[in-house]
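**Student:** how would this look folded up:
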Amino acid sequence: MSERFRPNTTVAAVIERGGRFLLVEEQTDAGVRLNQPAGHLEAGESLLDAVRREVLEETGYAFTPEGLVGVYLAPGKTTYLRFAFYGSVGAAPVSTQLDSGIIAARWLDYDALLASADRLRSALVTRCVDDWRAGARHPLSLLHTLP
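**Tutor:** Numbers count the residues shown, from 1 in each chain. Presented below is the predicted three-dimensional model:
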């Protein structure tokens with residue numbers, strides 16, 4: 001019997017304030033990289049709970065999801081199914097305790113993001129921002145967590 005295919009389900013947050021995007025600088029196996037606050041859906045979590053948790057753990061900010069930017073399938077050695085949300089954070093972090101491997105939260109404008117292309121965790125980073133900048137806004141009512 002062959003192993004069943006199971007993509008890694010992840011969540012990410014596109015957070016823009018004053019023309020700058022909140023990213024995380026993180027240590028990875030490939031070196032220091034930039035990514036949206038993002039991570040894996042955990043057992044028993046809703047997608048909204050997961051994105052709130054990931055933003056808090058990786059940036060220290062409390063995140064309020066406002067909608068969905070898009071859903072992205074990224075095949076490769078490992079296949080990822082990413083749910084990218086947009087929303088807002090408060091004026092200041094509510095926690096200073098960041099996940100292991102996170103170096104810092106960084107606010108970058110779009111030009112700085114593009115100039116950092118060689119440091120991005122994946123092409124999903126700019127794709128999600130580009131979609132958000134192009135007006136991709138989908139209601140949270142698209143999501144349903146069944147009992």
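**Student:** for the longest helix seen in the chain, packing partners?
**Tutor:** In terms of residue count, the longest helix belonging to the chain (DSSP state H) is helix 47-59. The contact analysis (3 or more C-beta pairs under 8 Å, 6 or more residues apart in numbering; DSSP states H and E) places helix 47-59 against strand 8-17, strand 20-28, strand 38-40, strand 63-74, strand 80-89, strand 102-109. For the C-beta atoms, the positions are set from N, CA and C on the backbone; glycine is no exception.
**Student:** and the angle for that helix with strand 20-28?
**Tutor:** Between helix 47-59 and strand 20-28, the angle comes out at 70 degrees (axes from the mean of the first three to the mean of the last three C-alpha atoms, to 10 degrees).
**Student:** give me the mean pLDDT for helix 47-59.
**Tutor:** The pLDDT scores in helix 47-59 average 98.
**Student:** show me which positions of it end up buried.
**Tutor:** Across helix 47-59, burial judged by 16 or more other C-beta atoms under 10 Å covers 47-48, 50-59.
**Student:** among the helices and strands packed on helix 47-59, which is nearest residue 146?
**Tutor:** strand 8-17 (15.2 Å; C-beta to C-beta).
**Student:** count of neighbours near residue 147?
**Tutor:** Taking other C-beta atoms under 10 Å as the criterion, the count of residues near residue 147 is 2.
**Student:** what separates it from residue 7, distance-wise?
**Tutor:** Per C-beta to C-beta, to the nearest Å, residue 147 is found 24 Å from residue 7.
**Student:** might one say that residue 27 is in contact with residue 104?
**Tutor:** No - under the criterion of C-beta atoms under 8 Å, residue 27 makes no contact with residue 104, lying 10.9 Å away.
**Student:** follow-up on the earlier one: what's in contact with the longest helix of the chain?
**Tutor:** Outside helix 47-59, the residues within contact range by C-beta atoms under 8 Å, 6 or more residues apart in numbering are 11-13, 15, 22, 24, 26, 37-42, 45, 61-63, 65, 83, 85, 89, 93-95, 98-99, 102, 105, 140, 143, 145.
**Student:** pLDDT at residue 5, what is it?
**Tutor:** So, for residue 5, pLDDT stands at 88.
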